[in-house]
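> what's the 3D shape of this:
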Amino acid sequence: MQVANDDVRLITFEDFQQLAGGRSVPYAWLVFKRAFDLVVGCVALLLALPIILIAAAAIAVVDKGNPFYSQERVGLHGRRFRMFKLRTMVEGAHDMRDDLLHLNEVDGPVFKIKNDPRLHPLGSFLRRTSIDELPNLFNVLRGEMSLVGPRPPLPSEVEHYGPYEMRRLTVLPGITCLWQISGRCSVSFDEWMRLDNEYIDHWSPLSDVAILAKTIPAVIRKDGAH
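I've put the predicted structure just below:
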């Protein structure tokens, strides 16, 4: 599978029929998944909106620039889209990445630093509490993401994927997943990929609900969050 370079396109009917990651599943499961995303996503966004606005105002106070941030990610079938987040780093943080590669604390093609020097004063708190991810709900309503599914990778990460890792792109990416409730950044890259493939092989409406329910205590415990 090659990563598409075309502009983002929202989910189509043909995509909707393939959301099982190549598995043969009841069509009702696919209908439920999208309906669940829309209903729960709308409710969650309404509840989260005050938190998002307060956090955005706080970011604007402690660091100059737009408190919101969009980053190119790779989604279903390799389509690229802009994932919305609250900004946790100082302006120009991306330009500092190469100078900090020696501090990378995770394996594989992923770059993460626990105490990243590029974080603004509120950045660490926003990440540990996952508040920075709340704007992902807009991507869910737009059909670019699901509530549950593999986290969307960066294009630079996908360049290093083999066929096994590429399977992550056969389903809609999600806000939460097995990796998210299993330790996140404390999990090795190989284990992360195994968890995502396990989800693809066994997902069902019930498992999506279970993962979403387990996400809340995982976020409260801040498991592997940085």
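
> relative to A60, how far out is the residue nearest the centre of the chain?
Nearest residue to the geometric centre of the chain (Cα atoms, centre = their mean): R151, 3.7 Å. Taking Cβ to Cβ, to the nearest Å as the criterion, R151 is separated from A60 by 27 Å. All C-beta atoms are positioned from the backbone trio N, CA, C, and that covers glycine.

> A48 now?
When distances are taken as Cβ to Cβ, A48 and A60 turn out to be 18 Å apart.

> just to revisit the earlier point, residues contacting the residue nearest to the centre of the chain?
Residues touching R151, when contacts are defined by Cβ atoms under 8 Å, 6 or more residues apart in numbering, comprise P173, G174, C177, W179, Q180.

> hmm, 10 Å instead?
With contact set as Cβ atoms under 10 Å, 6 or more residues apart in numbering, R151 has these partners: 73, 83, 133, 136, 145, 168, 173-177, 179-180, 184, 192, 196.

> among these, which are in helices?
When helices are assigned by DSSP state H, the members of those inside them are N136, W192, D196.

> most distant residue from the centre of this protein?
For the chain, the C-alpha lying farthest from the average C-alpha position belongs to V61; by Cα atoms, centre = their mean, that distance is 26.3 Å.

> could you say which helix or strand holds that residue?
Here V61, judged by DSSP states H and E, is contained in helix 27-62.

> need the strands for this structure, in chain order.
Taking DSSP state E as the criterion, the chain contains strands spanning 68-74, 80-86, 146-148, 174-176.

> re earlier: neighbour count: A48 and A60, which is higher?
Summary of the neighbour comparison: A48 and A60, criterion other Cβ atoms under 10 Å, with A48 having more neighbours (17 against 14).

> isn't that one up against P135?
Yes - A contact is recorded between A48 and P135 when judged using Cβ atoms under 10 Å, the distance being 8.6 Å.
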